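Visitor: one predicted model, sequence on top.
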Amino acid sequence: MTRAMSNNTQVQTVGSGADKAKLAGAATLLVAAVAAFYLLGQKDLWLRVLALLSLLAASVAVFFTAEAGKQLVAFGRDSVREAKKVVWPSRKEAMQMTGYVFAFVFVMALYLWIIDKSLEWVLYDLVLGWKR
């Protein structure tokens with residue numbers, strides 16, 4: 001009898017209390033940014049935008065000190081590293097493939113138009129007898 005595969009699966013959650021506090025602080029700063037923007041409704045627009053942007057920046061800074069933020073940065077770095085490994089086609093290959101796609105689309109459009117007109121002719125002219 002084999003063991004269940006559920007033993008191998010791992011669910012990653014926020015680990016420490018400090019990380020939870022950082023994420024809660026980031027969320028609180030985010031809500032405070034939106035609230036400050038609307039509570040300063042009688043003030044000049046530049047002051048409202050400054051308050052919004054400064055609290056948003058603080059929220060982002062707190063988020064990136066938490067483990068989830070560090071993992072997001074690591075994911076971004078890995079993504080850039082993988083994107084650099086991509087072998088892009090040459091201009092000639094790209095133009096050829098684009099030409100193939102356009103030719104295929106044209107042929108399919110022509111085929112569907114012929115089928116549509118044939119069915120229209122069969123249905124309206126032969127079956128129903130409607131002459132246009």
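Guide: That came through, no problem. Numbers count the residues shown, from 1 in each chain.

Visitor: next, give phi and psi for Val86.
Guide: Reported as degrees, to the nearest 10, the phi and psi values for Val86 are phi -70, psi 130.

Visitor: which residues touch stretch 89-105?
Guide: For stretch 89-105, contacts defined as C-beta atoms under 8 Å, 6 or more residues apart in numbering pick out no residues. (C-beta placed from N, C-alpha, C; glycine too.)

Visitor: hmm, try it at 10 Å
Guide: Applying C-beta atoms under 10 Å, 6 or more residues apart in numbering, the contact partners of stretch 89-105 are Trp88.

Visitor: for it, what is the average pLDDT?
Guide: On average, the pLDDT along stretch 89-105 is 97.

Visitor: next one: stretch 125-132
Guide: Rounded mean pLDDT across stretch 125-132 is 76.

Visitor: now do Gly15, the pLDDT please.
Guide: As predicted, Gly15 sits at a pLDDT of 68.

Visitor: domain ranges for this protein, per the record?
Guide: The chain breaks down by automatic domain parsing into domains covering 15-86, 88-132.

Visitor: so which strand or helix has the residue nearest to Gly69 when sequence neighbours are not counted?
Guide: Closest residue to Gly69 apart from its sequence neighbours, by C-beta to C-beta, 6 or more residues apart in numbering: Phe63 at 4.6 Å. In this structure, Phe63 sits in helix 45-65 according to DSSP states H and E.
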